[in-house]
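*Asks:* model the following, please.
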Amino acid sequence: MSYTVKITDILSLTHDVKMLKTEKPKGYDFTPGQATEVAVNKEGWKDEKRPFTFTSLPEDDYLEFVIKSYRDHNGVTKQIEDLVEGDELIVDDAWGAIQYNGKGVFIAGGAGVTPFISIFRSLKATGNIEGNKLIFANKTGKDVIMESYFEELLGEDFISILDQEKVEGHASGRVNMEFIKEKLNDFSQEFYVCGPQPMVEGVSEILKQLGANPDGITFEK
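*Replies:* Numbering: from 1, shown residues only. Okay, the predicted model is just below:
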């Protein structure tokens, strides 16, 4: 089913990431970590649907999305970037495989952190944040979405790694075998992986080689 919702608030989070809040259809529900198909309610774009993750909580009276714009091609995210309050989106029902199955390590690449935002907000709201860790990989320091939020929420359990820039307070390089072995020693816990497909596949393979239970690795298939 599709719903047309009005944008109520837009906030810039980084140079190419915005947070959009919209109205919430009556009775609309989702599980933290889930996504929906979103289109822009404008001529020529209504059928151009793309998946975006909810970053709000199911109990909030609005829907919220954190969306990265790819300006180099005239696609949906470029359209979304040009929207203003009062414009409308078309959203479908919720779907998705990423949801919280117990304490563990969240490994995100770039905009792949978005399903984890709602999960972490939910864990904070229920007092269950302790014992969870976030490894967040980006190109440069200015690409790190909601850095101060994660630092405040997770303290030393937030690890930021950059592969194109050396910045104090951030690890340098990629999330490879060496880095994972250095940062983690318990592979019996849950793992949640989200990001570009090659990264998801590569990290999942490394975790399995290090002894993680394949059924304990959650990612969007």
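*Asks:* so for stretch 109-123, mean pLDDT?
*Replies:* The average pLDDT within stretch 109-123 is 96.
*Asks:* alpha carbons only: can I get that stretch in PDB?
*Replies:* Only the C-alpha atoms of stretch 109-123 are listed here, as PDB (Å, rounded to 0.1, in the frame of the first residue of the first chain):
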ATOM      1  CA  GLY A 109      29.800   1.700   5.700                       C
ATOM      2  CA  GLY A 110      28.700   5.300   4.800                       C
ATOM      3  CA  ALA A 111      24.900   5.600   4.500                       C
ATOM      4  CA  GLY A 112      24.700   2.000   5.600                       C
ATOM      5  CA  VAL A 113      24.500   3.300   9.100                       C
ATOM      6  CA  THR A 114      20.900   4.400   8.700                       C
ATOM      7  CA  PRO A 115      19.200   1.200   9.800                       C
ATOM      8  CA  PHE A 116      21.300   1.300  13.000                       C
ATOM      9  CA  ILE A 117      20.200   4.800  13.900                       C
ATOM     10  CA  SER A 118      16.600   3.600  14.700                       C
ATOM     11  CA  ILE A 119      17.900   0.500  16.500                       C
ATOM     12  CA  PHE A 120      20.300   2.500  18.700                       C
ATOM     13  CA  ARG A 121      17.500   5.000  19.500                       C
ATOM     14  CA  SER A 122      15.300   2.200  20.500                       C
ATOM     15  CA  LEU A 123      18.000   0.600  22.700                       C
END
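*Asks:* quick one, domains of this structure?
*Replies:* Annotated domains of the chain cover 3-91, 104-218 [automatic domain parsing].
*Asks:* what is the end-to-end distance of the shortest one?
*Replies:* Start and end residues of domain 3-91 are separated by 5 Å (C-alpha to C-alpha, to the nearest Å).
*Asks:* what mean pLDDT does it have?
*Replies:* Domain 3-91 comes out at a mean pLDDT of 94.
*Asks:* and it, how far out from the chain middle?
*Replies:* In terms of C-alpha atoms, centre = their mean, to the nearest Å, the centre of domain 3-91 is found 13 Å from the chain centre.
*Asks:* rewinding a little: of the domains of the chain, which is nearest residue 97?
*Replies:* Taking C-beta to C-beta, domain 104-218 is the member of these nearest to residue 97, at 6.9 Å. C-beta coordinates here come from the backbone N, C-alpha and C atoms, glycine included.
*Asks:* is the residue nearest the centre of the chain part of a helix or strand, or is it coil?
*Replies:* Centroid-nearest residue in the chain: residue 114, 1.3 Å away (criterion: C-alpha atoms, centre = their mean). Under DSSP: H, G, I helix; E, B strand; the rest coil, residue 114 falls in the helix class.
*Asks:* tell me the secondary structure at the residue lying closest to it once chain neighbours are set aside.
*Replies:* Of all residues not flanking residue 114 in the chain, residue 53 sits nearest, at 4.1 Å (C-beta to C-beta, 6 or more residues apart in numbering). Three-state call for residue 53 (three-state DSSP): strand.
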